[in-house]
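> sequence first, predicted model second:
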Amino acid sequence: MRTFVLQWAPAVVAAGLLWAATAAGRIPIPGTPVPITLQTLVVMMAGVVLSRRQAVAAVVMYVAMGACGLPVFAGGASTLALVGPSAGFILGFVPAIAVTATLAASVQRVGERWARSRSDHAGSSKPAMEDGAGARAVYRRALDRPNKATPYTCAWRATMRWAARFAAYWAAAVIGCIVLHYACGLLVQTAVTGVPLRLIASASAGFLPGDLCKAALAATVAATFRR
């Protein structure tokens, strides 16, 4: 029971945060019935921090709450929002977070393999230095040379590794929670309203700057705390 709670508690918390994000308020965008909320930030954060199973479960629970009639969607909407113009953005959270979490997990696996390969390489080089008649002389010469791994160099390498992780997590959030999510939302919206896709996409461009900043914030958290 304890393992079950620890495994699924983050998903429940994320679903609750999605609900809280809608209650925090919304900013209307002229030309589109879909407002700006903090939901996208919560979805991005869950996608790059939680496992894929936990992230998808959180969004599914959130959508299920709305389908059951709870006022969890923007503006206190519930079931009817799933058949309205914003249905694509709501339902699109599921594939968006699934893709984001999958890409984030891949980033973590690549980082772990890279760190393990460097550790194995460092470990395998030690016996070569210890064997042979001139090992001690080689070691003394290495000590006499100035140490290149200065604190500045170490800090620079750590910063570059963090920047690489940040860029990878940011790309994961952009691909899943912006590109794919926008595609789902805009296609459903144009099908429901009959408005040409070009006009809807132009009106929805107001979401993009804020969502890119949200992706950067989520990537910052993931690059700092997810290893």
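In hand now; what should we look at?
> count the residues that sit near Met44.
Residues within reach of Met44, counting by other CB atoms under 10 Å, total 32. (C-beta placed from N, C-alpha, C; glycine too.)
> which residues touch it?
Thr100, Ala173, Cys177, Lys214, Ala215, Leu217, Ala218 (CB atoms under 8 Å, 6 or more residues apart in numbering).
> which residues are in contact with the longest strand along the chain?
Secondary structure of the chain per DSSP state E: the longest strand is strand 32-36. Contact partners of strand 32-36, identified using CB under 8 Å, 6+ apart, comprise 26-29, 74-75, 84-86, 89, 185, 189, 200, 203-204, 206-207, 210.
> of these, buried ones?
Buried by 16 or more other CB atoms under 10 Å: 26, 74, 84-86, 89, 185, 189, 200, 203-204, 206-207, out of the contacts of strand 32-36.
> once you drop chain neighbours, what's closest to the residue minimising distance to the centre of the chain?
Among the residues of the chain, the one closest to the centroid is Val48, at 2.8 Å (CA atoms, centre = their mean). Excluding its sequence neighbours, the residue lying closest to Val48 (CB to CB, 6 or more residues apart in numbering) is Ala222, at 3.9 Å.
> pull up the gap between that neighbour and Ile178, please.
16 Å (CB to CB, to the nearest Å).
> same question, Ala101
With distances taken as CB to CB, Ala101 is found 15 Å from Ile178.
> looking at these two, which one has more neighbours?
Ranked by neighbour count (other CB under 10 Å), Ala101 and Ile178 place Ala101 first, with 24 against 20.
> mean confidence for the helix or strand harbouring that one?
Counting by DSSP states H and E, the element that carries Ala101 is helix 93-130. For helix 93-130, the mean pLDDT works out to 77.
> do stretch 175-188 as well
Taken as a whole, stretch 175-188 has an average pLDDT of 95.
> pull out the buried positions in it.
Ile175, Gly176, Cys177, Ile178, Leu180, His181, Tyr182, Cys184, Gly185, Leu186, Val188.
> the fourth one contacts Leu212, correct?
Yes: Ile178 sits in contact with Leu212 when judged by CB atoms under 8 Å, with a separation of 7.3 Å.
> tell me where the chain has strands.
27-29, 32-36.
> of all those, which lies closest to Ala9?
Comparing the strands of the chain by their distance to Ala9 (CB to CB), the top pick is strand 32-36, with 29.0 Å.
> partner strands of that closest one, with direction?
Looking at strand 32-36 with DSSP bridges, its partner strands are strand 27-29 (antiparallel).
> next one: the strand it pairs with to chain centre, how far?
Put simply, strand 27-29 sits 24 Å off its chain's centre (CA atoms, centre = their mean, to the nearest Å).
> restricted to helices, list the buried residues of stretch 175-188.
Under the assignment DSSP state H, the buried residues of stretch 175-188 contribute His181, Tyr182, Cys184, Gly185, Leu186, Val188 to helices.
> residue contacts, the third one?
By CB under 8 Å, 6+ apart, the contact list for Cys184 reads Gly88, Phe89, Leu91, Gly92, Pro95, Ala96.
> I'd guessed the fourth one sits against Leu180; true?
Going back to what we said before, that points to Gly92. Yes: if you go by CB under 8 Å, Gly92 and Leu180 touch, sitting 7.2 Å apart.
> which parts of this protein are helices?
Listed in chain order, the helices of the chain (DSSP H) span 2-23, 39-49, 52-67, 87-91, 93-130, 135-144, 151-174, 181-193, 197-203, 207-225.
> in the chain, what helix or strand scores lowest on average pLDDT?
Every helix and strand of the chain was ranked by mean pLDDT, DSSP states H and E. The lowest is helix 135-144, at a mean of 49.
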